[in-house]
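[1] build me a model:
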Amino acid sequence: MTKLTLEIPDNLAEALRVPPTERLPRLRQELAIRLYQKGILSFAKARELAQMTKWQFHELLGQEGIERSYDLEELEADLETLESLG
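    Here you go, the predicted model:
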């Protein structure tokens with residue numbers, strides 16, 4: 001398994017206009033939003049990166065004014081869920 005690590009110098013981290021305890025979650029969310037918006041990550045993977053529930057990520061996208069796309073991967077996941085329920 002490959003793990004990516006992003007190092008942000010202290011001076012840049014301190015320049016973020018968010019409280020120190022919110023920096024990592026906020027950076028995860030911002031990265032997830034932009035990667036989803038650009039089509040680099042699916043909704044499910046972007047939500048995972050943001051460490052949010054499906055509904056929290058939906059709400060975050062709405063707050064940011066980002067339209068949600070619905071791709072084949074999501075359709076297949078939804079169909080699997082329906083089949084398991086049914």
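[2] leaving out the residues flanking it, which one is nearest to A46?
    Taking CB to CB, 6 or more residues apart in numbering as the measure, A46 lies nearest to Y36, with 3.7 Å between them; neighbours along the chain are not counted. Every C-beta, even on glycine, is put in place using the N, C-alpha and C of the backbone.
[3] tell me who's in contact with the one you found.
    Y36 is in contact with 42-43, 46, 61, 66, counting by CB atoms under 8 Å, 6 or more residues apart in numbering.
[4] quick check: mean pLDDT of whichever strand or helix holds it?
    For Y36, the host element (DSSP states H and E) is helix 23-37. Averaged over helix 23-37, pLDDT sits at 97.
[5] in it, what's buried?
    Under the neighbour-count criterion of 16 or more other CB atoms under 10 Å, helix 23-37 has 27-29, 32-33, 35-36 buried.
[6] kindly export whichever helix or strand comes after it (C-alpha atoms) in PDB.
    Following the chain from helix 23-37 toward its C-terminal end, the next helix or strand by DSSP H and E is helix 43-50. Presented in PDB, the C-alpha positions along helix 43-50 are these (Å, rounded to 0.1, in the frame of the first residue of the first chain):
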ATOM      1  CA  PHE A  43     -17.500  11.400  -4.500                       C
ATOM      2  CA  ALA A  44     -16.900   8.400  -2.300                       C
ATOM      3  CA  LYS A  45     -13.100   8.700  -2.400                       C
ATOM      4  CA  ALA A  46     -13.200  12.500  -1.800                       C
ATOM      5  CA  ARG A  47     -15.600  11.900   1.100                       C
ATOM      6  CA  GLU A  48     -13.200   9.400   2.500                       C
ATOM      7  CA  LEU A  49     -10.300  11.800   2.200                       C
ATOM      8  CA  ALA A  50     -12.300  14.500   3.900                       C
END
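[7] how much does helix 43-50 deviate in direction from helix 23-37?
    In terms of direction (axes from the mean of the first three to the mean of the last three CA atoms, to 10 degrees), helix 43-50 departs from helix 23-37 by 160 degrees.
[8] pLDDT of helix 43-50, averaged?
    Per-residue confidence for helix 43-50 averages out to 95 on the pLDDT scale.
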